[in-house]
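Asker: here is the input, now give the coordinates:
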Amino acid sequence: MVPIVLGAVRGRAAGDSVLAMVEVRLRAVRVDLQSNTPVLLLQESEGLGRTLPIFIGAPEASAIAFALQGMDTPRPMTHDLIRDLLDALDADVVRVVVTELRAATYYADIVLNLAGREVPVSSRPSDAVAVAVRTGAPLFVADDLMDAEGIMLAVDEEDDDEGDEDEPQGNPDELVGEFRDFLDSIRPEDFSP
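Answerer: Numbers count the residues shown, from 1 in each chain. Next up is the predicted model:
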């Protein structure tokens, strides 16, 4: 049985609506070997264990990896700045929800608690996850999106559930190393259509 959570989410085709969601955890951020592109893996916390893969940009992948590893930077990165702004405004991130896939693009909402009311803010999933990692906010995927796009992944030996459930599996040093290798190998031509 898949856990279902109800929450208000804006930005759907029908306007304000109630959306059925499944809670997920950040399983990993990897580099897809075929496309040499970072991919975010969001896996159901309970239930069938389906995983939603979302291809993301290298800067966002690095931002997520830095946060997971607890790396301090000399100046705040963009997602650190967002966290600091939310703190200064006394706003809390309630949850992050990957809401839909439209024209090969994923959409997400960062749901904030601002003065006692929930305010959804549209976001790219990669940015929303980078903020969630920094704030400790829970991650969700729309149930119908997980049904349509979720896949079953084989569990790697290193990805066993030996570690903390809330932490992505795998060695953070290896993850950062993969991103450095990726960044060293990309060329400007890789980003042109």
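Asker: show the average pLDDT along stretch 78-91.
Answerer: The average of the pLDDT scores along stretch 78-91 is 94.
Asker: how far off centre is it?
Answerer: Its chain's C-alpha centre and that of stretch 78-91 lie 18 Å apart, by Cα atoms, centre = their mean, to the nearest Å.
Asker: what of stretch 20-31?
Answerer: With Cα atoms, centre = their mean, you get 6 Å for stretch 20-31.
Asker: can you name the element that comes right after the helix or strand harbouring Ala128?
Answerer: Ala128 belongs to helix 125-135 when elements are defined using DSSP states H and E. Using DSSP H and E, the helix or strand that follows helix 125-135 towards the C-terminus is strand 139-142.
Asker: about what we covered before: what is the helix holding Ala128 packed up against?
Answerer: When contacts are defined as 3 or more Cβ pairs under 8 Å, 6 or more residues apart in numbering; DSSP states H and E, helix 125-135 packs onto strand 37-44, helix 58-69, helix 78-88, strand 92-102, strand 105-114. All C-beta spots, glycine's among them, are computed from the backbone N, C-alpha and C.
Asker: let's see it at 6 Å
Answerer: helix 58-69, helix 78-88, strand 92-102, strand 105-114 (3 or more Cβ pairs under 6 Å, 6 or more residues apart in numbering; DSSP states H and E).
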